[in-house]
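Engineer: what's the 3D shape of this:
(one chain, ligands or ions: 2)
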Amino acid sequence: MLRCNSNFFKKVKDFLLYLFLPDTCYGCRADLPMGACGPLCVHCQTHIQTPGPLICARCGKPLPDGGAHCYHCRGSKGKNFKCKIIRSAVVFGPQVRAVVHAFKYQDRGYLSGFLAERMAQEWDNYPPLSQAELLVPVPLFYKKEKQRGYNQAALLAEKLARLKNMAWDKHTLKRLRNTRSQTELGREGRLQNMQGAFVCERPEAVKGKVILLIDDVATTGATLEGCATALKAAGAKKVMAYTFAREV
Ligand SMILES: [Zn+2]
Ligand SMILES: [Zn+2]
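Structural biologist: Ligands and ions are numbered 1, 2, ... in the order given. Purely as a prediction, here's the structure:
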């Protein structure tokens with residue numbers, strides 16, 4: 001009886017909340033229907049695109065005109081990367097940008113469930129990901145994590161590890177400094193900015209293993225390359241990366 005009552009009161013509370021404070025879509029700000037799952041309305045969800053099938057075999061950049069590799073990964077250049085492949089669940093379009101922005105900058109860590117579920121849904125598009133033995137989130141500098149209250153990449157890695165029944169480790173990789181904001185830096189500047197920015201503190205956790213780096217967004221891949229360099233130096237067998245979104 002008590003349970004019936006508490007269910008009833010919860011329904012009334014949810015209804016009143018919906019009436020006076022409805023959730024709105026992060027993409028278009030329209031009211032979401034009561035009990036909606038996720039932060040986007042049905043209309044905005046249909047605008048989310050996946051990167052494939054025409055993508056760079058190394059960095060995952062969409063290649064509308066086809067070809068095996070993008071300009072930066074072609075020929076001998078591609079072989080030098082420590083991060084062997086980068087794959088992403090979705091393209092960083094306006095609706096995805098709105099959700100990721102809220103997730104990172106507006107204290108909406110709970111959105112990690114929505115993002116990680118989408119990453120799990122798209123996982124099978126990329127067979128090489130199944131080689132991964134350990135998920136490692138891209139770390140934030142400790143001051144930044146303290147300020148934000150969480151590391152968004154660690155939330156994604158934790159949820160994705162649970163969905164895929166895999167191991168994850170947020171203590172092995174550390175960010176040594178608060179790298180300059182990368183938005184004004186060009187591609188080479190970004191790669192340089194990340195040189196020596198990360199260190200693997202527990203080499204025994206990664207030695208001989210295939211590591212999958214997890215992050216929210218891949219842009220040039222410079223941050224992922226910085227992480228992969230540290231993991232390879234610590235003895236990782238192979239490093240790949242999987243992000244929620246891919247900037248194009
Ligand atoms: Zn919408
Ligand atoms: Zn590429």
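Engineer: where does the protein dip in pLDDT?
Structural biologist: By pLDDT under 70, the weakly predicted segments of the chain are 1-5, 14-22, 180-184.
Engineer: roughly how far apart are the residue positioned nearest the centre of it and ligand 2?
Structural biologist: Centrality entry for the chain: nearest residue to the mean C-alpha point is Asp216, 2.4 Å, by CA atoms, centre = their mean. Distance of Asp216 to ligand 2, computed by CB to the ion, to the nearest Å: 19 Å. For every residue, glycine as well, the C-beta is placed using N, CA and C.
Engineer: list the contacts of that residue.
Structural biologist: Val100, Phe103, Lys104, Leu115, Gln152, Ala153, Leu156, Thr243, Phe244, Ala245 (CB atoms under 8 Å, 6 or more residues apart in numbering).
Engineer: is the first one in contact with Phe92, as I believe?
Structural biologist: Yes. In this structure Val100 lies within contact range of Phe92 using CB atoms under 8 Å: 7.4 Å.
Engineer: find the residues that touch each one of those two.
Structural biologist: Contacts common to Val100 and Phe92, judged by CB under 8 Å, 6+ apart, are Val217, Ala245.
Engineer: ok so, going back, on the three-state scheme, the residue nearest to the centre of the chain is what?
Structural biologist: When classified by DSSP: H, G, I helix; E, B strand; the rest coil, Asp216 comes out as strand.
Engineer: just Lys13 next, same as before
Structural biologist: Lys13 - assigned by three-state DSSP - is helix.
Engineer: same question, Glu122
Structural biologist: Per three-state DSSP, Glu122 ends up helix.
Engineer: what is the burial count for it?
Structural biologist: 19 (other CB atoms under 10 Å).
Engineer: and the closest residue to it other than its chain neighbours, how far from ligand 2?
Structural biologist: What sits nearest to Glu122 in space, not counting adjacent residues and going by CB to CB, 6 or more residues apart in numbering, is Ala89, at 4.1 Å. Per CB to the ion, Ala89 is found 17 Å from ligand 2.
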